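Below are the sequence and a predicted model; questions follow.
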Amino acid sequence: MFESLSDRLSGIFDGLTKRGALSDKDVGAALREVRRALIEADVALEVVRDFTDRVREKAVGAEVVKSVTPGQMVVKIVHDELVEMLGSDAEPISLAAASPVTIMMVGLQGSGKTTTSGKIAKRLTEKQRKKVMMASLDVRRPAAQEQLRQLGEQTGVETLPIIEGQSPVDIAKRAKQAAKLGGFDVLILDTAGRTHIDEPLMVEMADIKKEADPHEILLVADALTGQDAVNLAQNFDGRVGITGLVLTRIDGDGRGGAALSMRAVTGKPIKLIGTGEKMDALEDFHPGRIADRILGMGDIVSLVEKASENIDAEKATAMAKRMQKGEFDLNDLSEQLDQMKNLGGMGGIMGMLPGIGKMKKQIEAAGIDDSIFKRQQAIISSMTKQERKSPKILNMKRKQRVANGSGSTVQEVNKLLKMHQQMGGMMKKMAGQKGGMMGAMSGLMGGGLGKMMGGMPGGMGGAGMPDLSKMDPKELEAMAKQMGISGPGGGGGMPKLPGGFGKKK
């Protein structure tokens, strides 16, 4: 998300921050580039105009803080205005109403309403311990009601029994009664959509709203619709009165124009974003964090939150105790690689690290991708239980057998074993530091990211992130080898985030 915009803005601001002093002409030229970048990202023209006008007003003649260079001050102003455009504070779904709290899902056909309904139901059930019922009001699209019923079975959420021949308004009325009698906390109404906005659709939405009296009306919009998303939001808000937005397929949208435009035009908050096809691929929308990502500042807080949801606390604690004793075998390493995949793989994690966004081309040139993890796990899977438990017994004959069984080379097996040895020492040190694994996490938040990642060059452990964007592919590959990650023909992996703070199994 926002990849192309982030690349453009990073280039513009890199030029500004390298200068000592800025003239009004310099700022004006940079803002023209910012304006062009926003338009290319599919942001609505009126939104672009308002945004650049506000930035210019604050940037030209702004009193520069002594400790901040003029270029950095401009970046800060742009960051603050981006946050303002996106909504300042996160606004999650509101459940502050009498039970059952009714949530009405609206949008065009194909926007992902039904799947999003299932995701929200799963999220409310698992994270907030709410008793949720879903009801499909879509009587036009074939098998729409059956699709929601199957999603209910998949997520363990109850759905309203299907009765053929009922109108959407009748179904809404029956759903309200069933939810009330059944003691449900939340009722989610999945309404029908069309391929385009028309009068019958709007009349139907208004009738359902009148009958159901929903506390939340969420417009589900596909992020890939670009500028059309603005017209969609205005139409639904004008006729039905939406309370918030949910953007789907954010992971497939490198521009981000819909997110930047819809909030600014409607004034309604973006509450959630869909980040993938899986039922747990739904995140709260945090304007500040999104602005950080757009400007290449990373999103450590979201990464930590993601880790806390995906890392098994009990397993992590048990592993920490074993590491303190010097125990870290290849089974442990394989589990580390699984955790990396659960956290979004190489791309998902590196996209949330400060400064890494600028490295995209270098990463591609060095051949670093998630296939590395698959190759490493294939090597580990080709070993016997005894070999995984005691890697030291792997002689040349055994290594050749493992290489043949995994479709790799003895050199790759050796690299994996070397990386495992280095990681074992590093993770033992982390587990034994003050505060245990939680202490390591505190170190991460304070700039100790280098320790966690195996000692990146540039003094990350104390002085913050180096300017990795200036590295050529050879330098990056050398850094990758130091981390235990290499391109084609190599092996390695990054340790997961420190445990002891994850979910309970």
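Perfect, thanks for sending it.

Please count neighbours and contacts with C-alpha atoms only from this point.
OK.

Tell me which helix or strand in this protein has the weakest average pLDDT.
helix 460-463 (a mean of 31; mean pLDDT, DSSP states H and E).

Does the closest residue to residue 284 other than its chain neighbours belong to a helix, a strand or coil?
Excluding the flanking residues, the one nearest residue 284 by CA to CA, 6 or more residues apart in numbering is residue 272, at 4.6 Å. Secondary structure for residue 272, judged by DSSP: H, G, I helix; E, B strand; the rest coil, is strand.

burial measure for residue 272, as a count.
Residue 272 has 24 neighbours, counted by other CA atoms under 10 Å.

before we move on, what about the one 5 residues further on?
The number of residues packed around residue 277, counting by other CA under 10 Å, is 14.

what separates it from residue 111, distance-wise?
The gap separating residue 277 from residue 111 is 13 Å, by CA to CA, to the nearest Å.

next one: residue 378
For residue 378 relative to residue 111 (CA to CA), the value is 38 Å.

go on, residue 199?
19 Å.

Compare residue 378 and residue 111 (neighbour count), which wins?
Taking other CA under 10 Å, residue 378 and residue 111 do not tie; residue 111 has more neighbours (24 against 18).

which regions of the stretch 51-200 of the chain sit below the pLDDT cut-off?
61-68 (pLDDT under 70).

any idea where the helices of it begin and end?
Along the stretch 51-200 of the chain, counting by DSSP state H, counting those that start in this stretch, helices occupy 70-86, 113-127, 144-155, 168-181, 199-212.

Turn these into a markdown table, columns for distance to residue 57 and mean neighbour count.
Shown next, in a markdown table, are the helices of the stretch 51-200 of the chain (distance: least, CA to CA, whole Å; neighbours: other CA atoms under 10 Å):
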| stretch | distance to residue 57 | mean neighbour count |
| --- | --- | --- |
| helix 70-86 | 10 | 21 |
| helix 113-127 | 40 | 21 |
| helix 144-155 | 50 | 18 |
| helix 168-181 | 50 | 19 |
| helix 199-212 | 40 | 16 |
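
Run through the bridge partners of the residue nearest to residue 284.
residue 246, residue 284 (DSSP bridges).

which residues sit in contact with it?
92, 245, 246, 247, 282, 283, 284, 285 (CA atoms under 8 Å, 6 or more residues apart in numbering).

Narrow those to just the buried residues.
Those of the contacts of residue 272 that meet the buried threshold are 245, 246, 247, 282, 283, 284, 285, by 16 or more other CA atoms under 10 Å.

got JSON lines for the residues you listed, with pLDDT too?
Below are the buried ones among the contacts of residue 272 laid out as JSON lines (pLDDT from 0 to 100):
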{"residue": "245", "pLDDT": "94"}
{"residue": "246", "pLDDT": "94"}
{"residue": "247", "pLDDT": "90"}
{"residue": "282", "pLDDT": "91"}
{"residue": "283", "pLDDT": "88"}
{"residue": "284", "pLDDT": "90"}
{"residue": "285", "pLDDT": "89"}
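
ok, so of those, who is nearest residue 52?
When these are compared for distance to residue 52 (CA to CA), residue 285 wins out at 23.2 Å.

what about that closest one, distance to residue 405?
Distance from residue 285 to residue 405, counting by CA to CA: 45 Å.

which secondary structure elements does the helix or strand that contains residue 291 contact?
Using DSSP states H and E, residue 291 sits in helix 287-294. Packing partners of helix 287-294 (3 or more CA pairs under 8 Å, 6 or more residues apart in numbering; DSSP states H and E): helix 3-17, helix 70-86.

Let's have the ones you listed in CSV, adding distance to residue 393.
Formatted as CSV, the helices and strands packed on helix 287-294 follow (distance: least, CA to CA, whole Å):
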stretch, distance to residue 393
helix 3-17, 46
helix 70-86, 55
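
quick revisit: next, show the common contact partners of residue 277 and residue 111.
Shared contacts of residue 277 and residue 111, defined by CA under 8 Å, 6+ apart, are absent.
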